[in-house]
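Engineer: got a predicted structure here, sequence first:
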Amino acid sequence: MKMEKVDIGIIGGSGLYDFESLGSVEEVRLRTPFGDPSDAYLVGQVDGTRVAFLPRHGRGHRLMPTELNFRANIFGFKLLGVERIISASAVGSMKEAYAPTDIVLPDQFIDRTRHRPDTFFGDGLVAHVSLAEPVCSELTGIIANAGAELGQTIRRGGTYLCMEGPQFSTKAESNLYRSWGVDVIGMTNLQEARLAREAEICYATVALVTDYDCWHESEAAVSVEQVLGVLRTNAAAAGKLLARSVRLAPRHRSCSCGEALRFALLTAPEAVSPAARERLAPLVAKYLG
């Protein structure tokens, strides 16, 4: 595929199925070694910056969290040349301080999923990347500054617990997670963070609070009807935040995300199978020669 390099990728979560600030839009459909992404990438510009938008669940919200092809989604961004991904996601609040319509920028994750491939590696090539700091602090800072300029309520830092779903939590689970000090709960972002790191792409989560899960004694347990009402408000705020973040992002990165694989590849170059070399070339060719 030959097209102009894309600088920033945006993943839209529940309620955010397009990006109104994107101009000169074209649909780009990609096939990856890991299958098809959730939908076509909407590629365009925001004040001269090339941006690709992907609706995580597909337009019309066709895909459950467990059904998402996370590997294809992130690999597709890599094929487009993307170096930064901002992921917007609906979440439940696990703390009184975080109310519906607040925005949290988590910097840690806990994995409670069970059925999801979440690495590009294996089948002939082994790699172990560091996830001690699973999001890009430089990119998170850009988003926080954008929110401050817009006067939005932004909470920087915190832990995102990624559950399997599609059901919401039981009260016992919700209270257990609160005892762990979790800040928000969602169903999608951990796999994206893991794969973005393997792809040497900066990644940050914009967690849009819709509810209090089911732990809050004076609030009704989370329901789809409740979430949909808040999503409309969140989508408008998220669109403004994403557009401003794109405008504030410098052309070049100064973080270390772009070298995440430098010391992570364990398989000796001569032992890497030809099939693995071909499949993972966009990720590893610069290291394997």
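Structural biologist: It's in.
Engineer: touching, Met64 and Gly165? I think so.
Structural biologist: Yes. Counting by Cβ atoms under 8 Å, a contact exists between Met64 and Gly165, whose distance comes to 7.0 Å. (Each C-beta comes from the backbone N, C-alpha and C, glycine too.)
Engineer: who's more crowded, those two?
Structural biologist: Higher neighbour count among Met64 and Gly165: Gly165, with 16 against 12, using other Cβ atoms under 10 Å.
Engineer: identify the residue nearest that one in space, chain neighbours excluded?
Structural biologist: The spatially closest residue to Gly165, leaving aside those adjacent along the chain, is Met187, at 4.1 Å (Cβ to Cβ, 6 or more residues apart in numbering).
Engineer: can you pull out the helices in this structure?
Structural biologist: For the chain, the helices identified by DSSP state H occupy 70-79, 137-150, 171-179, 189-198, 224-248, 274-279, 281-288, in order along the chain.
Engineer: need those helices in TSV (columns: mean neighbour count, mean pLDDT and distance to Gln45).
Structural biologist: Written out in TSV, the entries for the helices of the chain read as follows (neighbours: other Cβ atoms under 10 Å; pLDDT from 0 to 100; distance: least, Cβ to Cβ, whole Å):
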stretch	mean neighbour count	mean pLDDT	distance to Gln45
helix 70-79	24	98	16
helix 137-150	18	98	18
helix 171-179	15	96	40
helix 189-198	26	98	22
helix 224-248	18	86	9
helix 274-279	14	96	31
helix 281-288	16	96	23
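Engineer: for those helices, which one sits closest to Asp211?
Structural biologist: Comparing these against Asp211 with Cβ to Cβ, the closest turns out to be helix 224-248 (5.8 Å).
Engineer: mind giving me the packing neighbours of the closest one?
Structural biologist: On a contact count with 3 or more Cβ pairs under 8 Å, 6 or more residues apart in numbering; DSSP states H and E, helix 224-248 meets strand 8-12, strand 41-46, strand 49-55, strand 84-93, strand 103-105, helix 137-150, strand 202-211.
Engineer: among these, which is nearest Tyr287?
Structural biologist: Short answer: strand 202-211, nearest of those by Cβ to Cβ, at 18.7 Å.
Engineer: and that closest one with helix 224-248, angle?
Structural biologist: The directions of strand 202-211 and helix 224-248 differ by 150 degrees, with axes from the mean of the first three to the mean of the last three Cα atoms, to 10 degrees as the criterion.
Engineer: partner strands of strand 202-211, parallel or antiparallel?
Structural biologist: Strands adjacent to strand 202-211 in the sheet, as given by DSSP bridges, are strand 84-93 (parallel), strand 103-105 (antiparallel).
Engineer: okay if I get these as JSON lines plus mean neighbour count and distance to Lys78?
Structural biologist: Shown next, in JSON lines, are these (neighbours: other Cβ atoms under 10 Å; distance: least, Cβ to Cβ, whole Å):
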{"stretch": "strand 84-93", "mean neighbour count": "26", "distance to Lys78": "10"}
{"stretch": "strand 103-105", "mean neighbour count": "23", "distance to Lys78": "23"}
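Engineer: let's have those in TSV, adding mean pLDDT and distance to Glu270.
Structural biologist: As requested, the strands paired with strand 202-211 are exported to TSV (pLDDT from 0 to 100; distance: least, Cβ to Cβ, whole Å):
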stretch	mean pLDDT	distance to Glu270
strand 84-93	95	33
strand 103-105	97	43
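Engineer: in JSON lines: those, plus distance to Ala40.
Structural biologist: Shown next, in JSON lines, are the strands paired with strand 202-211 (distance: least, Cβ to Cβ, whole Å):
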{"stretch": "strand 84-93", "distance to Ala40": "17"}
{"stretch": "strand 103-105", "distance to Ala40": "27"}
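Engineer: which one of those strands lies closest to Asn175?
Structural biologist: For the strands paired with strand 202-211, proximity to Asn175 was assessed by Cβ to Cβ; strand 84-93 is nearest, at 13.0 Å.
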